[in-house]
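Undergrad: following is a predicted model, sequence given first.
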Amino acid sequence: MPNDYDFEKESLDELAGKVQKLLNESGFGSDSFNSESYSDSLDLKSYSGSLDSKFNSDKFSDTEGSIGLDSIDFQSIESDSGSAYGIVTVGVEKLEINDYGASIVGFISSEKRSLIRLGSYISVPYFDDESLFGKISKIEYRQEYFSDDATEIHSNRVIFGSGINRTNEFDYKFLIYIEPICILYKNKDGVLQRRMADRIPKPNSPIYPVSDKAMIQTGLNIPSAGVFLGHLSVGGETVKTNNVPPTVPYYLRNDYSIGDPLIFRHVLVCGSTGTGKTFLTKNILRQFMEEDNTYPLRKDKSIKKKPCLVIMDPQDEYCQMIEDNELLDSHKKFNFDSENISYGGFKDTFTFLTKVSGQEYTGRSKAVQKSFTIPFSYIKSNPWIMETAELSEPQKLGLEKLIEDYFEYERKINGIPKYKSFKEFVENPVRKQGYVEEGKIHESSYDAILRKVLISDFDKFFDQSAQPIEEIFESVFKPGQISVFPTEYISSPRIRDLIVLTIMSIIVDNKLSTSGNETIKDTPVILALDEAHRYLSKDGGSVQSERIIHKFAEAVKQGRKEGLGLFLITQDPQDIQPEILKQVNTKIILNLNNDAAINSVKVPKEYEKKIPYLKKGQMIIYSPDNSDIVEITGLSDCVVNHK
């Protein structure tokens, strides 16, 4: 169409026909162009001018420092990030960035619209050495030309009309709103780095999908190495790049480059029943036992040791850590190797069984099994283990007095403290009378202690025919070993809880005490606690739980100094004591369908609403000291046996 075309020489209908012909030839659409319906809203002179620019691009020239819309060929333009989605526009809203947020709107070309997903990552070049890295926070359609499509007539035409595609994309603006994350640039050594988003892109700048792995990892501050957790995803779809393999691995920082390894800042895995917590936990814990993973000792940084992984196993599932997953083929192993993912059964896995009278382990562990007992002597410094929820405060004080006097009695006669002799000590009627008459313990409190504390469970639990646990500390807390404590084979819930609480207490007491056992103090320990809400409950529960919470509240604060990392697994994060929960730096959140549970993990609102819709294997990673908050998908295969 020539620039000097004389609109006065032809009628409006004739001109409309020519415009329609040009539209058809150029592929702009095939809908009929009606002069009457468009005459009020369409300036034909300006429309012909835009066509002139489209079909005579050689006559178009950009002004210096700007980009014209018509100078961009969306079919051919390429960058390291792939083909452009569209451009930054100021035609809809002003282009703005400030201390409180940003307003950056992009127009998406019609052939790219089906690729757009909420939360997808994009980049916008500044046409120097920097580019804006951000994500799509909103997607919107707007009308290109004014018309009222909210009518009965229009609705019926669309519903009952013919044709597969009833929407002409050229009738609508397809817009995205960009949330800036950071600015990417290369330093003087050519290393890609990031900084805060403090500058605005130019109008008409192209918007690219990000398909370079290094750009995504740098943009989201994801470490390039560490403990593998899963692959970056958006809306349940794994993010793909131009690299080999195409996935973007998400690692948890596990070195001292910018602080302590994040396992010593503690990890929480939470999700409803059936969301794959155990499957995921096995995959993550296996990574900590990688051959070269060591941590320096607090007292001598030049000495490094492998961690000891202690797992409290209520369902007899983690004993399978010793077994290979026979379904892993060479292709899967190649992919694991390429992303530094450890796999295969860990051969230094041992099963430690608490000896309980009348109970035998018949589980599925193929690891070496070692039995132990909890000696009653352990009660001297931990009288709370014998306290039950039914005891009143005077009864608790009375029990503690009896325990103290009993150990003093055994010391004087050079006896060996045993639960059986303690029971005889308390049941002695003469001794009872003395305590009551001297006003040390009220008679009703004494009777309650006899009734509530001297129970058969303690007879089955203490002083059994096995090595006392303190004699096998070197076997349990050995660097480079997985020590699994199953409890499913024990029928009494009270005894199961006693075992878990006792092991937890042994670890914490020795880690925090200056006079603690050297084997435990000098070994980095990762304690994996399944059903953590049972033992670290904010509602107290048993007296034993209340006491252990106080210990753990201190342990989580000093864990990074003492080489103690907590790995908590639960379906009820809202029940964990807030003082402990707030010290957890890394939260791995699978599907939760309970509002109280979702609120307790305290993630940003835009991610909070996604949690109930996460599918099995999908998760939100909230680890402020590791990366920006992201969605990832775990491995589809377990790196060890899981049945």
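TA: Thanks, I have the structure now.
Undergrad: the stretch 501-643 of the chain: strands as residue ranges?
TA: Ranges of strands in the stretch 501-643 of the chain, per DSSP state E, counting those that start in this stretch, are 525-530, 564-570, 586-589, 618-622, 630-633.
Undergrad: redo these as CSV? Include mean pLDDT and distance to Leu309.
TA: Using the backbone N, CA and C atoms, a C-beta is placed for each residue, glycine as well. Output for those, formatted as CSV (pLDDT from 0 to 100; distance: least, C-beta to C-beta, whole Å):
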stretch, mean pLDDT, distance to Leu309
strand 525-530, 96, 5
strand 564-570, 96, 9
strand 586-589, 98, 16
strand 618-622, 97, 21
strand 630-633, 97, 22
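Undergrad: export these to a markdown table and tack on mean neighbour count and distance to Ser110?
TA: Shown next, in a markdown table, are the strands of the stretch 501-643 of the chain (neighbours: other C-beta atoms under 10 Å; distance: least, C-beta to C-beta, whole Å):
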| stretch | mean neighbour count | distance to Ser110 |
| --- | --- | --- |
| strand 525-530 | 23 | 51 |
| strand 564-570 | 25 | 48 |
| strand 586-589 | 25 | 37 |
| strand 618-622 | 24 | 31 |
| strand 630-633 | 23 | 28 |
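Undergrad: let's have the ones you listed in JSON lines, adding distance to Lys605.
TA: Listed next are the strands of the stretch 501-643 of the chain as JSON lines, based on distance: least, C-beta to C-beta, whole Å:
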{"stretch": "strand 525-530", "distance to Lys605": "29"}
{"stretch": "strand 564-570", "distance to Lys605": "23"}
{"stretch": "strand 586-589", "distance to Lys605": "14"}
{"stretch": "strand 618-622", "distance to Lys605": "12"}
{"stretch": "strand 630-633", "distance to Lys605": "15"}
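Undergrad: quick one, which of those is nearest to Leu399?
TA: strand 525-530 (27.0 Å; C-beta to C-beta).
Undergrad: who touches the closest one?
TA: 263, 278, 281, 285, 288, 307-315, 318, 477, 500, 504, 507, 511, 535-536, 563-569 (C-beta atoms under 8 Å, 6 or more residues apart in numbering).
Undergrad: quick one: low-confidence parts of the stretch 251-400 of the chain?
TA: Within the stretch 251-400 of the chain, the segments meeting pLDDT under 70 span 389.
Undergrad: what about the helices in the stretch 501-643 of the chain?
TA: Per DSSP state H, counting those that start in this stretch, the stretch 501-643 of the chain carries helices over the ranges 518-521, 532-535, 543-562, 578-581, 595-601, 605-608.
Undergrad: so which bits of the last one are buried?
TA: What it means is helix 605-608. Under the neighbour-count criterion of 16 or more other C-beta atoms under 10 Å, helix 605-608 has Tyr607, Glu608 buried.
Undergrad: do the fifth one as well
TA: By neighbour count on 16+ other C-beta under 10 Å, the buried set for helix 595-601 is Ala597, Ile598, Ser600, Val601.
Undergrad: of those, just say which sits nearest to Ser357.
TA: Nearest to Ser357, judged by C-beta to C-beta, of the buried residues of helix 595-601 is Ala597 at 38.2 Å.
Undergrad: so Pro612 touches Leu592, yeah?
TA: Yes. Proximity of Pro612 to Leu592 meets the contact threshold set by C-beta atoms under 8 Å, at 6.8 Å.
Undergrad: quick one on the thing from earlier: can you add distance to Tyr208 and pLDDT and give the buried residues of helix 595-601 back as a markdown table?
TA: Shown next, in a markdown table, are these (distance: C-beta to C-beta, whole Å; pLDDT from 0 to 100):
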| residue | distance to Tyr208 | pLDDT |
| --- | --- | --- |
| Ala597 | 38 | 95 |
| Ile598 | 34 | 96 |
| Ser600 | 38 | 95 |
| Val601 | 33 | 95 |
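Undergrad: where along the stretch 51-200 of the chain do the strands fall?
TA: Under DSSP E, counting those that start in this stretch, the stretch 51-200 of the chain gives strands at 86-89, 96-98, 101-103, 105-108, 121-125, 130-143, 172-186, 192-195.
Undergrad: got those strands as CSV, with distance to Val239 columns?
TA: As requested, the strands of the stretch 51-200 of the chain are exported to CSV (distance: least, C-beta to C-beta, whole Å):
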stretch, distance to Val239
strand 86-89, 20
strand 96-98, 25
strand 101-103, 23
strand 105-108, 19
strand 121-125, 7
strand 130-143, 11
strand 172-186, 14
strand 192-195, 17
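Undergrad: and the ones you listed: which comes nearest Val639?
TA: strand 121-125 (27.5 Å).
Undergrad: hey, what's the angle from that closest one to strand 172-186? Just curious.
TA: Angle between the axes of strand 121-125 and strand 172-186 is 70 degrees (criterion: axes from the mean of the first three to the mean of the last three C-alpha atoms, to 10 degrees).
Undergrad: just the pLDDT for Asn24.
TA: What the model reports as pLDDT for Asn24 is 58.
Undergrad: ok, which of the strands of the stretch 51-200 of the chain comes nearest Asn641?
TA: So among the strands of the stretch 51-200 of the chain, strand 121-125 is nearest, using C-beta to C-beta, at 35.7 Å.
Undergrad: who are the packing partners of the closest one?
TA: strand 130-143, strand 172-186, strand 206-209, helix 213-219 (3 or more C-beta pairs under 8 Å, 6 or more residues apart in numbering; DSSP states H and E).
Undergrad: for it, C-alpha coordinates in CSV please.
TA: The C-alpha trace of strand 121-125 is given here as CSV (Å, rounded to 0.1, in the frame of the first residue of the first chain):
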residue,chain,number,x,y,z
TYR,A,121,10.6,-17.6,34.4
ILE,A,122,11.5,-15.0,31.8
SER,A,123,14.3,-12.5,30.9
VAL,A,124,14.3,-9.1,29.4
PRO,A,125,17.6,-7.7,28.1
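Undergrad: what's in contact with it?
TA: 79, 81, 85, 88, 104, 106, 131-136, 176, 178, 181, 184, 201, 205-210, 215-216, 219-220, 234, 239.
Undergrad: and the residues you listed, which are buried?
TA: Among the contacts of strand 121-125, the ones that count as buried by 16+ other C-beta under 10 Å are 81, 85, 88, 104, 106, 131-136, 176, 178, 181, 184, 201, 205-210, 215-216, 219-220, 234, 239.
Undergrad: who does Ile87 bridge with?
TA: On the basis of DSSP bridges, Ile87 is bridged to Phe107, Pro206.
Undergrad: pretty sure it contacts Tyr208?
TA: No. Contact criterion C-beta under 8 Å: Ile87 and Tyr208 do not qualify, at 10.6 Å.
Undergrad: pLDDT score assigned to Ile548?
TA: For Ile548, the predicted pLDDT is 74.
Undergrad: next, count neighbours for it.
TA: Neighbourhood size, Ile548 [other C-beta atoms under 10 Å]: 25.
Undergrad: grab the nearest non-local neighbour of it.
TA: Leu501 (5.4 Å; C-beta to C-beta, 6 or more residues apart in numbering).
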